[in-house]
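Asker: Provided below for reference: sequence and predicted model.
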Number of protein chains: 4
Amino acid sequence: MARPRDTRVDEAILTATRELLAEAGYAGLTMDAVAERARIGKAAIYRRHATKQEMVFSAAVHGADLPDPPDTGSLRGDLVALVREIVDHLTNPAAAAAIPGLMGDLSSSPELAARFQDILVTRQQLGIEHLLDRAVARGELRTAPDVSLVHALVSGPVFAVIYVQNRSPEGLPEQLGTVIHAALAASSQNA
Amino acid sequence: MARPRDTRVDEAILTATRELLAEAGYAGLTMDAVAERARIGKAAIYRRHATKQEMVFSAAVHGADLPDPPDTGSLRGDLVALVREIVDHLTNPAAAAAIPGLMGDLSSSPELAARFQDILVTRQQLGIEHLLDRAVARGELRTAPDVSLVHALVSGPVFAVIYVQNRSPEGLPEQLGTVIHAALAASSQNA
Amino acid sequence: MARPRDTRVDEAILTATRELLAEAGYAGLTMDAVAERARIGKAAIYRRHATKQEMVFSAAVHGADLPDPPDTGSLRGDLVALVREIVDHLTNPAAAAAIPGLMGDLSSSPELAARFQDILVTRQQLGIEHLLDRAVARGELRTAPDVSLVHALVSGPVFAVIYVQNRSPEGLPEQLGTVIHAALAASSQNA
Amino acid sequence: MARPRDTRVDEAILTATRELLAEAGYAGLTMDAVAERARIGKAAIYRRHATKQEMVFSAAVHGADLPDPPDTGSLRGDLVALVREIVDHLTNPAAAAAIPGLMGDLSSSPELAARFQDILVTRQQLGIEHLLDRAVARGELRTAPDVSLVHALVSGPVFAVIYVQNRSPEGLPEQLGTVIHAALAASSQNA
DNA sequence: AACTAATCGAGACGGTACGTCCGGTCTTGCA
DNA sequence: TGCAAGACCGGACGTACCGTCTCGATTAGTT
């Protein structure tokens, strides 16, 4: 019965946030700047996002959903493709600026931490589960290993290379995918 | 000639910072709170640390230097010991709160990024280099693999488990050390 | 041809405004609160009143027109009756809250200032003019004094007692009417 | 032991407030504008004045203390001088803009209302009391009339002429002083 | 009976000011 | 000179309110 939210405003907010994240970084991102860039009022932002953190999260993490990695026909190929997707996600300028910044605020906000985890962990783990099941079906692995460990093995090093070592992720998918494949294959035999 | 700095003040600042990091997290840490808790003036802080980030860095990251991991006699044992040390470092409450927070500020401050990298990457990589050299000497590996990759493989998953998956790191050293050992061994054979 | 305005809405707006003026004062009065109290939409208000000031004016000042004071048979009696009417007008809770508040906005809005003056000054001065003419006709005054001055002498002290001294206006009509009568009588003799 | 408040900051705030009141009026006065004009931070304002109202009050009402009106040798002369002082006070651009604006906020803040009354009523009434005592001593009045009434008779019409009738107060001191003198003299005889 | 056009409640919208909070700098008087 | 205390500037935060606009549903009065 009342006026519905304008979806163009939703988009304008998220777009402006992404642009400013890329330009000024997480610390340099201002709610007023987002409002001005999006040509909207601050109230329109706070009607949609309770805090700056939630807005950044929605703009840079949520929505940038990882598509399910394709079945490449081999475990090694699947792992390379998976790493490539994570690298692509984390090298997006907005996400690259937002994710480390958000991590600092997670401890203060359990609600945000939960959503953060859901998007960055739970959904990715589903994809990993499928990937491992396919490898078992193919006979490449005897039993599916612990999903959480594989997730950590895949996403952790990408994170480390990009955010901690601050190195280019070029060649990383091939390299990391191969190593993890070797580790899983070896573990499977010893199991 | 002039009055020397009071070392008790140095300690009081770092202690207060660590306590407040554990209590309120990185986002909830304020310079005024540190000064009040340490019963000192803010000027005394800024005489020692140029910015909040540097203070937090000094309190939570620096000083908690990783001791060189011991020679356990086997590559697998060395890797387990290395992971255990990284886990111990990152599970310290102050460090756990500080590190993700600091990462968000790295992009804004190249100077801090450099120091961050020096402590968290370069020094650890030196230890890893020794560890790998010993494995080659023992004949466990034919050639030493890329140090950066091994560093990413070791520290990344620990980071992921603690900060992203938010899981207990119990059992992680054993588990992760074993997997990485398998990966390195397999890669060495194929090389 | 089209749907006519609902007169119940008109009334609901003014009533809600008066109630909220009495409850929360001028500064605490918000358009949203008026709309909610009146169970109408804000558009319905702005279809009738261009600004908050005009709405308050219509609710608290306009409509509460002073009836022409009666001919009591003597100048002193007429003055007492006049003061009593002004006191009654200004002690109405809605008017008491609205008038000082509106005065603060007059400088920003010449249009409102004009209407304010018309209601609060011009109409009252007409009544005063009649009152003085009657006194001249009765022979109580030789010539009619300056109407503006008498208006200021009558309304000003009432204003001062209620809004500035914040005293009860009990007994004020008698007291003030008598004093002004004395002043006018004395001035008339010396003229 | 700590750094004391800078009195130049106190002055800069009040001066900027007065200037902006004269330029933009009460409604157009912004805390940010005051801070910018005074070249200070907003925190420095709020350290001294709890609210915008208190700041305006301090700038435009307080401090502009009425000096005790001089002894002119006659009651009529004293009254004329008193009215002249009130007129001067209320025609000051800053006070003229501030006082009606403040009156609208008095109902919301009893604390401010009390200070407002103290400055604008109590102190002026002291002066009036002396003035009336002198008249009694001179034999111009038999007994001193009610101070509150005289205060209302003096300040109310000035208020009405300036803020309600919106007329020039030129000639008002002479005119009003004379009328009030006549009223007091007549009342004294009939007492 | 269908059409038209202004009304209604609800509430989103842009804009702007508020008062609070911090980071980093500066100033005071004491030791 | 170092120190505790705390004032200082600058600037972002999240809230509140004004006056406008938009939605779908309701009413008249006209066809």
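Answerer: Cool, the structure landed. Computed from a predicted structure; not experimentally measured.
Asker: Check chain A and tell me which residue is nearest its centre.
Answerer: For chain A, the residue sitting closest to the mean C-alpha position, by C-alpha atoms, centre = their mean, is A:Leu120 at 5.0 Å.
Asker: helix/strand/coil for the residue of chain A found nearest chain C?
Answerer: Per C-beta to the nearest C-beta, A:Ala2 is where chain A lies closest to chain C, at 9.2 Å. C-beta coordinates here come from the backbone N, C-alpha and C atoms, glycine included. Assigned with DSSP: H, G, I helix; E, B strand; the rest coil, A:Ala2 falls in the coil class.
Asker: Surely A:Ala98 is in contact with A:Gly25?
Answerer: No - applying C-beta atoms under 8 Å, one finds A:Ala98 not in contact with A:Gly25, separated by 9.1 Å.
Asker: Comparing those two, which residue is more hemmed in?
Answerer: A:Ala98 (27 against 20; other C-beta atoms under 10 Å in any protein chain shown).
Asker: Chain neighbours aside, what residue packs nearest to that one?
Answerer: Using C-beta to C-beta, 6 or more residues apart in numbering or on different chains and skipping residues adjacent in sequence, the residue nearest A:Ala98 is A:Ala60, 3.5 Å away.
Asker: B:Ser107 versus A:Val61, what's the distance?
Answerer: 17 Å (C-beta to C-beta, to the nearest Å).
Asker: I meant A:Ile99, not that one.
Answerer: A:Ile99 is 11 Å from B:Ser107, by C-beta to C-beta.
Asker: Those two: which has the busier surroundings?
Answerer: Taking other C-beta under 10 Å, A:Ile99 and B:Ser107 do not tie; A:Ile99 has more neighbours (26 against 20).
Asker: what separates the more buried one from DNA strand E, distance-wise?
Answerer: 21 Å (C-beta to the nearest atom of the strand, to the nearest Å).
Asker: Now that residue: which helix or strand?
Answerer: helix A:93-106 (DSSP states H and E).
Asker: quick one: buried residues of that helix?
Answerer: For helix A:93-106, the neighbour count (16 or more other C-beta atoms under 10 Å in any protein chain shown) marks A:94-106 as buried.
Asker: One more: stretch A:119-138?
Answerer: Across stretch A:119-138, burial judged by 16+ other C-beta under 10 Å covers A:Ile119, A:Leu120, A:Val121, A:Gln124, A:Gln125, A:Gly127, A:Ile128, A:Leu131, A:Leu132, A:Arg134, A:Ala135.
Asker: what's the answer for stretch A:147-163, then?
Answerer: Buried residues in stretch A:147-163 (16+ other C-beta under 10 Å): A:147-163.
Asker: hmm, which helix or strand of chain A has the shakiest average pLDDT?
Answerer: The least trusted helix or strand in chain A, going by mean pLDDT, DSSP states H and E, turns out to be helix A:110-117, with a mean of 85.
Asker: Moving C-terminal from that helix, which element do we reach first?
Answerer: helix A:123-138.
Asker: Taking helix A:110-117 as reference, get the angle to that next one.
Answerer: 30 degrees (axes from the mean of the first three to the mean of the last three C-alpha atoms, to 10 degrees).
Asker: wait, does helix A:123-138 contact chain B?
Answerer: No - residues of helix A:123-138 contacting chain B under C-beta under 8 Å from any C-beta of the partner chain: none, with a closest distance of 8.9 Å.
Asker: State the distance from the nearest residue to A:Arg115 once chain neighbours are set aside to D:Arg134.
Answerer: Spatial nearest neighbour of A:Arg115, excluding adjacent residues (C-beta to C-beta, 6+ apart): A:Phe57 at 6.7 Å. According to C-beta to C-beta, A:Phe57 and D:Arg134 sit 76 Å apart.
Asker: Please apply the same query to A:Ser58.
Answerer: From A:Ser58 to D:Arg134 the distance is 76 Å (C-beta to C-beta).
Asker: Over to A:Ile13?
Answerer: Distance of A:Ile13 to D:Arg134, given as C-beta to C-beta: 71 Å.
Asker: still on that earlier bit, counting neighbours, what do you get for the residue of chain A closest to chain C?
Answerer: 5.
Asker: Quick one, grab the pLDDT at it.
Answerer: On the pLDDT scale, A:Ala2 is placed at 85.
Asker: now A:Asp118
Answerer: A:Asp118 carries a pLDDT value of 85.
Asker: do the same with A:Ala64
Answerer: 61.
Asker: Helices of chain A, start to end?
Answerer: A:7-24, A:31-38, A:42-48, A:52-56, A:75-91, A:93-106, A:110-117, A:123-138, A:147-159, A:172-190 (DSSP state H).
Asker: Make sure A:Ala186 is actually in contact with B:Ala185.
Answerer: Yes - if you go by C-beta under 8 Å, A:Ala186 and B:Ala185 touch, sitting 6.9 Å apart.
Asker: The least confident helix or strand of chain A near DNA strand F anywhere?
Answerer: No - judged by C-beta under 7 Å from any atom of the strand, helix A:110-117 makes no contact with DNA strand F; its nearest approach is 11.4 Å.
Asker: what residues are up against A:Thr30?
Answerer: Remark: with contacts taken as C-beta atoms under 8 Å, 6 or more residues apart in numbering or on different chains, A:Thr30 is in contact with A:Leu20.
Asker: now do 10 Å
Answerer: A:Leu20, A:Ala24, A:Glu36, A:Arg37, A:Lys52 (C-beta atoms under 10 Å, 6 or more residues apart in numbering or on different chains).
Asker: now those residues as a markdown table including neighbour count, distance to chain B and pLDDT?
Answerer: Shown next, in a markdown table, are these (neighbours: other C-beta atoms under 10 Å in any protein chain shown; distance: C-beta to the nearest C-beta, whole Å; pLDDT from 0 to 100):
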| residue | neighbour count | distance to chain B | pLDDT |
| --- | --- | --- | --- |
| A:Leu20 | 23 | 13 | 97 |
| A:Ala24 | 15 | 9 | 93 |
| A:Glu36 | 14 | 21 | 97 |
| A:Arg37 | 17 | 19 | 98 |
| A:Lys52 | 18 | 11 | 95 |
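Asker: follow-up on the earlier one: from memory the residue nearest to A:Ala98 sits against A:Glu19, does it?
Answerer: No - the pair A:Ala60 / A:Glu19 is not scored as a contact, 11.2 Å apart, by C-beta atoms under 10 Å.
Asker: Just want to know which of these two has more residues nearby.
Answerer: A:Ala60 (26 against 17).
Asker: which regions of chain A sit below the pLDDT cut-off?
Answerer: Filtered on pLDDT under 70, chain A yields the residue ranges A:63-66, A:190-191.
Asker: near chain B, anything from stretch A:82-97?
Answerer: Yes - for stretch A:82-97, a contact with chain B is found by C-beta under 10 Å from any C-beta of the partner chain, at A:Ala96, A:Ala97.
Asker: what distance separates that stretch from the middle of the whole chain?
Answerer: Distance of stretch A:82-97 from its chain centroid, counting by C-alpha atoms, centre = their mean, to the nearest Å, is 7 Å.
Asker: Export only the CA atoms of it, formatted as PDB.
Answerer: Provided in PDB are the C-alpha atoms of stretch A:82-97 (Å, rounded to 0.1, in the frame of the first residue of the first chain):
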ATOM      1  CA  LEU A  82      38.000 -23.600  -7.800                       C
ATOM      2  CA  VAL A  83      41.200 -21.800  -6.900                       C
ATOM      3  CA  ARG A  84      40.800 -19.600 -10.000                       C
ATOM      4  CA  GLU A  85      37.300 -18.600  -8.900                       C
ATOM      5  CA  ILE A  86      38.400 -17.700  -5.400                       C
ATOM      6  CA  VAL A  87      41.300 -15.700  -6.800                       C
ATOM      7  CA  ASP A  88      38.900 -13.900  -9.200                       C
ATOM      8  CA  HIS A  89      36.600 -13.100  -6.300                       C
ATOM      9  CA  LEU A  90      39.400 -11.800  -4.000                       C
ATOM     10  CA  THR A  91      41.100  -9.800  -6.700                       C
ATOM     11  CA  ASN A  92      38.000  -7.800  -7.600                       C
ATOM     12  CA  PRO A  93      39.100  -4.300  -6.400                       C
ATOM     13  CA  ALA A  94      36.000  -3.700  -4.200                       C
ATOM     14  CA  ALA A  95      36.300  -7.100  -2.500                       C
ATOM     15  CA  ALA A  96      40.000  -6.700  -2.200                       C
ATOM     16  CA  ALA A  97      39.600  -3.500  -0.300                       C
END
